[in-house]
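S.K.: Next comes the sequence, and after it the predicted model I'd like to discuss.
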Amino acid sequence: MTESRTTLRWRLTLVYGAVALAVGLLLLVLSLVLVERALSAGFVDIRGLGVRLPDGRMLTFGAFQDQLRADALARVLRQGLLALVLLGALGVAVSYYLAGRVLQPLQDITAAAQRLSAERLDARIDLAGPQDELKQLADTFDDMLGRLEAAFEAQRRFVADASHELRTPLAVMRTEVEVALADPDASADDLREAALVVRDATVRADRLVDSLLLLAQSERMQGPSVRERVELPEVGAQALAAVAGEIEERGLRVATSWGPGAALGDRGLLERLAGNLVENAVRHNVDGGWLRVDTGVVEGRARLEVSSSGGVIAPGEVAGLFEAFRRHGTARTARRGAGLGLAIVRAVAELHGGTARASARPDGGLVVTVDLPRSP
């Protein structure tokens, strides 16, 4: 990198120096022309007159004027060439200095890039000076570094959380298998019970992997691969039917308002969005609580809104619920949910050009509202 900067600096120096020499040479030629014209205009045409020199030669005034003109032009040329050499040397030195000053911000950007690594992304240029092109380039580079740092930090946190979440069901399966193998007198019922625990753990791990793949797919895609008319009341009713057993088990009261509302997008992804909203409302509810699902059209966009009772959530914690592996009021090793529900909801909504937002209810619980582009 140093060699490239030096080469570029010397190239700029040579360009600036060549321009200075060209300008100096042009001025020298112009000076010679002007001096020659001035001398020619100032001399009197007395070429026929003359004087006899002691050696007998005849020197005319015309020849004397020509000799004087030639001597004057030769003197101007010699002094001009000397000045041109000095000007060229000074121009190269000044050009080298100015090229270094001009390239200094680029060297700062290069130095900042060389200090970067996957473990250290906090380097910034913080270029001071006027708001010129180089300052804009440095500020853009700083903004890019900020986004990269946030992305890498989110990736590290996501990988750490995902490995932790996957380690929990694997640990459960390993423990159950080791206990069953260590007990030579284990009955068929004991083995069956251990097998059920292992099955539940594998189901949880399978769901977690599916959720991770769906989240990664939603965040990577630029738009839904399939666009079709999807009735939100239909996908909302399907989501409630999928958790009907759990709703009955926990004694939850369900209210619905199926207003007409059709979104334009991928049916499978929108079904997963509705399913995550309803599952989140059921699993983070309180026994004997309630939940409500509403659909309709608001301000020209199709809306799906799920509200439910539950624990009190501080307003400052609501935004964090849309991050992966964030669960309110549930331990990280809990068996119910992986903390990806609302993260997938937001990713799918944004993939369709919509929005997902949540608000905490003062007496406990959450209201999640998803607005999607309306199908014509």
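M.R.: Sure thing, it's come through. Source: prediction; values computed, not measured.
S.K.: What is the neighbour count of Leu39?
M.R.: 16 (other CB atoms under 10 Å). All C-beta atoms are positioned from the backbone trio N, CA, C, and that covers glycine.
S.K.: So which residue is dead centre in the protein?
M.R.: Arg147 (4.5 Å; CA atoms, centre = their mean).
S.K.: any idea which element it lies in?
M.R.: helix 133-182 (DSSP states H and E).
S.K.: Same question for Ala255.
M.R.: Here Ala255 is assigned to strand 253-258, by DSSP H and E.
S.K.: can you check Leu103 too?
M.R.: Counting by DSSP H and E, Leu103 is part of helix 61-114.
S.K.: give me the low-pLDDT residue ranges for the stretch 51-200 of the chain?
M.R.: 51-65, 67-68, 116-120, 129, 154, 157-158, 160-162, 164-165, 168 (pLDDT under 70).
S.K.: which residue sits closest to Ala138 in space, ignoring its chain neighbours?
M.R.: Take Ala138 and drop its neighbours on the chain: the residue closest to it by CB to CB, 6 or more residues apart in numbering is Leu127, 3.6 Å away.
S.K.: I'd assumed Leu134 was in contact with the one you found.
M.R.: Yes. Using CB atoms under 8 Å, Leu127 is in contact with Leu134, at 7.0 Å.
S.K.: shared neighbours of those two, anything?
M.R.: Common neighbours of Leu127 and Leu134, counting by CB atoms under 8 Å, 6 or more residues apart in numbering, are Pro105.
S.K.: hmm, who's touching stretch 297-304?
M.R.: Against stretch 297-304 from outside (CB under 8 Å, 6+ apart): 232, 235-236, 259-263, 273-274, 277, 293-296, 354, 369-375.
S.K.: same question, stretch 92-109
M.R.: Residues contacting stretch 92-109 (CB under 8 Å, 6+ apart): 5, 8-10, 12-17, 20, 125, 127, 129, 134-135, 137-138, 141.
S.K.: again, but for stretch 256-270
M.R.: By CB under 8 Å, 6+ apart, stretch 256-270 touches 214, 218, 224-233, 235-237, 240, 292-297, 302-304, 348, 351-352, 354, 372-376.
S.K.: re earlier: list the buried residues of the strand holding Ala255.
M.R.: Val254 (16 or more other CB atoms under 10 Å).
S.K.: Could you check how far it is from the centre of its chain?
M.R.: Centre-to-centre, strand 253-258 and its host chain are 42 Å apart (CA atoms, centre = their mean, to the nearest Å).
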